[in-house]
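A.B. asks: need a 3D model of the following:
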Amino acid sequence: MTDKTALTPSTHTTPPAKFSHGVRKGNILQVAGQVGFLPAEEGKSPTPAGSTLREQTLQTLANVKAVLEEGGAGWDDAMMIRVYLTDTGHFAEMNEIYNQYFEEQGLTAPPAARTTVYVGLPAGLLVEIDVLAVLG
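C.D. replies: Numbers count the residues shown, from 1 in each chain. Next comes the predicted model:
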């Protein structure tokens, strides 16, 4: 049986409950829902990257990427991306930010599948993203 490994990049705080930022078992890596918090600073509470959808989406994608890399993966390994938005009016803008981000990543694999849903998030947070990746 393959061991399960919890993933917490140095840029992330300890999760506020009993969950991991990411988990890898064999060639499967699941990134937990990430939000647009700036990299962790000792002694400081998590702080959003800014108040705009752009700032938070780009930071959220950076946070997801950090967990993927901690587990030995990258965006080319992503099979499924789930985006959670707090406002249906943000869908078009988020797609523009998302498309530009992935164009700049220079990926060689076909894009991952994606689902977008609308949820409530803690005050001030506009977007959350999780990813399922398969390595090799």
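
A.B. asks: next one, pLDDT for the residue positioned nearest the centre of the chain please.
C.D. replies: Nearest to the mean C-alpha position of the chain, counting by CA atoms, centre = their mean, stands V64 at 3.0 Å. With respect to pLDDT, V64 scores 98.

A.B. asks: from what I can see it touches V127, true?
C.D. replies: No. Applying CB atoms under 8 Å as the test, V64 and V127 come out as separate, 10.9 Å apart. Placement of C-beta: from N, CA and C, glycine included.

A.B. asks: hmm, I28 and V134 touching each other?
C.D. replies: Yes. Assessed by CB under 8 Å, V134 is found in contact with I28 at 6.0 Å.

A.B. asks: so if I had to pick from those two, which one is more boxed in?
C.D. replies: Higher neighbour count among V134 and I28: I28, with 16 against 13, using other CB atoms under 10 Å.

A.B. asks: that's all I had, so thanks and see you.
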